[in-house]
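1. The sequence and its predicted three-dimensional model are supplied below.
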Amino acid sequence: MPGEKKAVYALIGLFAVLLYITAVMTDGTGDSGDSVMHYLFSRYAFDHPQNFLDHWAKPLFVLVSAPFAQFGFTGMKLFNCTVALLTAVFVFRVAASLGIRPAWVAPLLLFFSVEYAVLIFSGLTEPLFGLGLTLGVYCALSGRRLCSALVISFLPFVRSEGWIIMGVFALFFVWKKHWKMLPVLLAGHLVYTLAGFLSGKEILWVFIQNPYANGSSPYGSGSLLHYAGLLPYVLGVPVCLLFCFGLIRLIYLLFSGGHKRVALFTEELLLVYGCFFALFFAHSLFWWLGLFNSAGLSRVLLSVVPLAALIAARGFEGLSARLLRNDKAAVALRSLLLVYVMIFPFTPNPAAIDISRDLSRMPDQRLADELGAEIKARYTGRKHYYEHNYLSMALDIDPFDKALQEGLKRVREPGAVPPGSLIIWDDWYAPVQAGIMLEELRRDTAAYTEVWNKSREGRQLVLFTKN
């Protein structure tokens with residue numbers, strides 16, 4: 001084990017170099033929506049302290065990421081890279097605690113899970129949630145019950161799925177008869193309830209202001225098997241196959257009675273498989289029923305990809321042992337599997353990483369940069385109205401300063417938009433989030449003058465001035 005520990009930390013160190021260099025050398029943001037908005041909340045948190053208690057932005061995420069965000073979006077990417085590296089450390093420790101052999105495969109599978117590898121370079125909250133979840137599992141397995149309960153209690157303030165995970169851990173503590181840990185699971189809510197109340201919020205603000213506490217979604221609904229179909233794209237085909245072998249192993253042990261001879265089997269069943277499938281099935285139901293603002297996004301599964309890597313490591317462990325008796329043949333098969341895992345993300349296939357596409361700014365962002373340069377050169381001292389989050393970066397505007405920027409819905413309020421203001425319409429966020437169609441602005445020629453209209457790779461931005 002000491003030798004394996006040194007080897008795995010050397011491996012994580014190598015990934016650290018690669019991740020940090022990539023974060024600095026690429027200009028992508030993960031997406032133009034939530035990733036950018038989370039960055040903006042953290043970037044301007046010290047100017048607008050209310051951001052530290054914003055339910056949508058997630059208070060704990062803002063608290064720990066805000067110092068990094070002061071160095072621009074690159075700082076935000078460095079934050080999530082650091083989070084991913086720490087996650088890999090605890091994935092290894094969980095694998096070792098569960099007796100997975102070799103345990104170093106688990107962090108390798110984590111880093112080569114395709115969508116996880118791409119969205120490390122973003123401002124999204126899923127990586128931090130995955131770290132908190134993995135740390136909570138490790139503490140529970142290593143007997144640090146209080147630490148585990150405290151960590152899990154704060155997960156809802158990183159992502160709302162934390163409430164689901166709290167339920168799984170409550171079940172675990174009941175099964176272990178650790179009754180004293182059940183109230184500890186409420187510690188995070190107590191801390192943030194008091195913090196919000198002392199800052200002027202309602203005493204139950206953590207529930208009342210939850211942006212997902214509604215029974216519908218503006219994004220519609222879809223198939224119950226939607227997320228099952230997305231797994232090969234999130235994990236990549238080889239990791240997904242190993243994940244499936246891990247599930248087969250679990251089913252075999254349950255039906256053969258072999259689970260009775262496996263140490264920590266129930267702990268692994270509840271904390272690893274239980275947490276993964278609790279979140280997986282929850283999102284499948286939310287999307288199927290059109291609940292809680294579910295948009296069917298694949299990235300929500302990134303929160304439990306560290307657990308998927310552990311399940312896949314179980315599949316890797318058992319696959320060659322079941323298929324082959326010859327040790328040399330087993331080593332050869334395992335080597336081929338790992339080679340396939342590592343080259344798959346870079347081979348031509350629908351689930352592969354496209355560096356120029358995935359780690360660079362998107363067409364709408366490049367268009368926004370072009371418009372931003374135009375506005376800076378031609379217009380000064382104007383108020384801006386738009387929905388596209390990235391425009392705040394392109395224009396270097398504090399989006400929380402209402403004297404500088406407001407949302408497009410304001411254009412429908414009589415007298416709300418002062419003359420000379422700039423109205424920026426985009427082809428996605430404006431119609432979807434604000435319900436403002438381009439023709440609506442174009443028809444009102446007495447109020448608005450169209451001064452800039454460009455498209456790039458199917459994306460469009462149009463600039464109007466208020467007469």
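-> In hand now; what should we look at?
2. domains for the protein, by residue range?
-> 2-358, 363-466 (automatic domain parsing).
3. wait, isn't Ile164 in contact with Phe280?
-> No: using C-beta atoms under 8 Å, Ile164 is not in contact with Phe280; the gap is 10.1 Å. C-beta coordinates here come from the backbone N, C-alpha and C atoms, glycine included.
4. Tell me where the stretch 101-250 of the chain has helices.
-> 105-111, 114-119, 126-141, 145-153, 162-175, 181-184, 187-198, 205-208, 226-235, 237-256 (DSSP state H, counting those that start in this stretch).
5. Let me know the angle separating the fourth one from helix 126-141.
-> Per axes from the mean of the first three to the mean of the last three C-alpha atoms, to 10 degrees, the angle that helix 145-153 makes with helix 126-141 is 160 degrees.
6. Low-confidence stretches in this structure?
-> 1-2, 213-216, 258-260, 320-326 (pLDDT under 70).
7. What residues of whichever helix in it runs longest count as buried?
-> As assigned by DSSP state H, the longest helix anywhere in the chain is helix 72-97. Buried residues in helix 72-97, counted by 16 or more other C-beta atoms under 10 Å: 73-97.
8. same check, this time on stretch 249-269
-> Buried residues in stretch 249-269, counted by 16+ other C-beta under 10 Å: 249-250, 253, 265, 267-269.
9. CA-only coordinates of it in CSV, if you can.
-> C-alpha atoms of stretch 249-269 as CSV (Å, rounded to 0.1, in the frame of the first residue of the first chain):
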residue,chain,number,x,y,z
ARG,A,249,-20.7,-7.7,-9.8
LEU,A,250,-23.0,-6.1,-7.3
ILE,A,251,-26.0,-8.1,-8.6
TYR,A,252,-24.0,-11.3,-8.7
LEU,A,253,-22.9,-10.9,-5.0
LEU,A,254,-26.4,-10.1,-3.9
PHE,A,255,-28.0,-13.1,-5.6
SER,A,256,-25.1,-15.6,-4.9
GLY,A,257,-24.9,-14.7,-1.2
GLY,A,258,-21.3,-13.6,-1.7
HIS,A,259,-22.0,-10.2,-0.2
LYS,A,260,-22.0,-11.9,3.2
ARG,A,261,-18.3,-12.6,2.8
VAL,A,262,-17.3,-9.1,1.6
ALA,A,263,-16.1,-6.7,4.2
LEU,A,264,-17.8,-3.3,4.2
PHE,A,265,-20.3,-4.5,1.6
THR,A,266,-23.3,-2.7,3.1
GLU,A,267,-21.3,0.5,3.6
GLU,A,268,-20.3,0.4,-0.1
LEU,A,269,-23.9,-0.5,-1.1
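10. And the contacts of that stretch?
-> 97-99, 140-141, 172, 175, 273, 311, 314-315, 318 (C-beta atoms under 8 Å, 6 or more residues apart in numbering).
11. for that stretch, the distance to its chain's centre please.
-> A distance of 31 Å separates the centroid of the chain from that of stretch 249-269, by C-alpha atoms, centre = their mean, to the nearest Å.
12. Thr74: what's it in contact with?
-> Contacts of Thr74 by C-beta under 8 Å, 6+ apart are 23-24.
13. at 10 Å instead, please
-> 23-27, 68, 121 (C-beta atoms under 10 Å, 6 or more residues apart in numbering).
14. Could you do Ser142 as well?
-> Ser142 neighbours (C-beta under 10 Å, 6+ apart): 93-94, 97, 148.
15. From Ser160, how far off is it?
-> 27 Å (C-beta to C-beta, to the nearest Å).
16. returning to what we had before: closest one to Pro183 out of the contacts of stretch 249-269, please.
-> Of all the contacts of stretch 249-269, Phe172 has the smallest distance to Pro183: 15.0 Å, by C-beta to C-beta.
17. what's near enough to touch that closest one?
-> By C-beta under 10 Å, 6+ apart, the contact set of Phe172 is 136-137, 140, 145, 148-149, 152, 178, 181, 266-267, 269-271, 274-275.
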